[in-house]
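K.L.:
no sequence for this one, just the structure:
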Ligand code: SAH
């Protein structure tokens, strides 16, 4: 067993709950190169020799240690014992969500103290993502645990993630167990969604927006709805299910709009109107045509993918939000979102505030939402709180 001692500053950070430690944070930094190989579980002690639990160690990325909580005794578990305990605990915490809907996140990386692992469930299909070498080479163990608990039709690894390069892992999609399933339907809050595990965004769907979809369903009754960056219409379907009088979707992807058409049919909804085009242009056209909406949904892709992109990204968010606010009818609402990790909540709100400057009506912040409770944010790791949703209301 390997025990790693931390330097003083790193000890303080770790005791406060920060889970990532760098090579320089270790008292004997050479230890990292010699004995860690392709990642392993180690014990960690602070500078006073006190136990800080276990960590996943890696020599491949700048992050040498990812703390993953306490473990009884003073040994380290095998990777199988570790994954079994942590995955079972994560599933137990989400039992209510599992009963409520056939689609949800089962494991959310650091929040569940399994750094580098995501597991999503779409009915009888499971999709996993591994972003560390240790988890990547343990995927067959993960699959075994999941087969025992769920007997799924398929377990797919959607490892086509660019961040895998930080651990020198290839971008690939691998069938781990079962037969290939191209499409699976899930039901959420009474609405069917079509999920494509191989080809859909993320692991097949934006599971994290479930609280906002539920709220949109409630707000949509009798509303004229505009869904900007609609993708396959996650929000549009919620709006139709909630009794919207009209729904207009805008996206540049033909495939996404076709899938939305199919999803509407599946739910026996009237087909929404669809505009295939650039949201920035469409906002301008709608304004020229003096079209107004009671509910505008604005959920763009992440504009700030790195710290360097924050400044330009903010401009994008500001212009979009300004354009969207100007399409609101009196009393109308804007559901505005940002999934940029690098744009902190305060800065996002400041950006929307800038967007609303000089508008000839009042704008209220009616509600603040984030990802669902199956994507729990760790209080002590603000990085896990990446999704920001604000519901704004125009009231003259
Ligand atoms: N709101 C969706 C997720 C949006 S994902 C949901 O809840 O499911 C972002 C979408 O924006 C993608 O479908 C992509 O095709 C689209 N997109 C990106 N840039 C665009 C642009 N400039 N104009 C129109 N669509 C765009």
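P.N.:
Here it is on my side, so go on. Keep in mind that what you see is a predicted model, and the values were worked out from it rather than measured. Numbering: from 1, shown residues only.
K.L.:
just checking, residue 362 touches residue 392?
P.N.:
No - counting by Cβ atoms under 8 Å, residue 362 stays clear of residue 392, with 10.3 Å between them. For every residue, glycine as well, the C-beta is placed using N, CA and C.
K.L.:
more neighbours: which of the two?
P.N.:
Neighbours were counted for residue 362 and for residue 392 using other Cβ atoms under 10 Å; residue 392 has more, 23 against 10.
K.L.:
surely that one is in contact with residue 364?
P.N.:
Yes - contact criterion Cβ under 8 Å: residue 392 and residue 364 qualify, at 6.6 Å.
K.L.:
ramachandran angles for whichever residue of the stretch 1-150 of the chain sits closest to the ligand?
P.N.:
As assessed by Cβ to the nearest ligand atom, the ligand sits closest to residue 103 within the stretch 1-150 of the chain, at 12.2 Å. Backbone dihedrals for residue 103, given as degrees, to the nearest 10, come out at phi -130, psi 130.
K.L.:
how many neighbours does it have?
P.N.:
Close neighbours of residue 103, defined as other Cβ under 10 Å, add up to 23.
K.L.:
tell me the contacts of it?
P.N.:
120-123, 186-188, 193, 195, 205, 207 (Cβ atoms under 8 Å, 6 or more residues apart in numbering).
K.L.:
confidence score at it?
P.N.:
At residue 103, the model reports a pLDDT of 97.
K.L.:
and the chain, what are its domains?
P.N.:
3-67, 79-182, 206-395 (automatic domain parsing).
K.L.:
could you dump those into CSV with distance to residue 200 added?
P.N.:
Converted to CSV, those look like this (distance: least, Cβ to Cβ, whole Å):
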stretch, distance to residue 200
domain 3-67, 27
domain 79-182, 9
domain 206-395, 8
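K.L.:
could you tell me the least trusted of the ones you listed?
P.N.:
Of all the domains of the chain, the minimum mean pLDDT falls on domain 3-67 (a mean of 89).
K.L.:
the nearest residue to residue 292 once chain neighbours are set aside - how many residues pack around it?
P.N.:
Using Cβ to Cβ, 6 or more residues apart in numbering and skipping residues adjacent in sequence, the residue nearest residue 292 is residue 329, 3.9 Å away. Residue 329 has 15 neighbouring residues, counting by other Cβ under 10 Å.
K.L.:
now do the contacts for residue 329.
P.N.:
224, 292-294, 394.
K.L.:
ok, so what distance separates residue 82 from residue 140?
P.N.:
Separation of residue 82 from residue 140 (Cβ to Cβ, to the nearest Å): 15 Å.
K.L.:
who has more neighbours, these two?
P.N.:
residue 82 (22 against 9).
K.L.:
what values do phi and psi take at the more buried one?
P.N.:
Main-chain dihedrals, residue 82, degrees, to the nearest 10: phi -60, psi -50.
K.L.:
which element is the residue nearest to it when sequence neighbours are not counted on?
P.N.:
Spatially, and ignoring its direct neighbours in sequence, residue 82 is nearest to residue 41 (5.9 Å; Cβ to Cβ, 6+ apart). Following DSSP states H and E, one finds residue 41 within strand 40-45.
K.L.:
what's in contact with that strand?
P.N.:
Contact partners of strand 40-45, identified using Cβ under 8 Å, 6+ apart, comprise 1-6, 14, 36, 51-57, 65, 67, 74-79, 82, 134.
K.L.:
if I look at the nearest residue to residue 235 once chain neighbours are set aside, how far off is the ligand?
P.N.:
Nearest residue to residue 235, sequence neighbours excluded (Cβ to Cβ, 6+ apart): residue 297, at 4.6 Å. The gap separating residue 297 from the ligand is 7 Å, by Cβ to the nearest ligand atom, to the nearest Å.
K.L.:
what lines up beside the biggest strand by length in the chain in the sheet?
P.N.:
Secondary structure of the chain per DSSP state E: the longest strand is strand 328-338. Applying DSSP bridges to the sheet, strand 328-338 is found paired with strand 293-298 (parallel), strand 388-395 (antiparallel).
K.L.:
so who does residue 185 touch?
P.N.:
Here residue 185 is in contact with 123, 192-195, 266 (Cβ under 8 Å, 6+ apart).
K.L.:
recalculate using a threshold of 10 Å.
P.N.:
102-103, 122-123, 192-195, 263, 266 (Cβ atoms under 10 Å, 6 or more residues apart in numbering).
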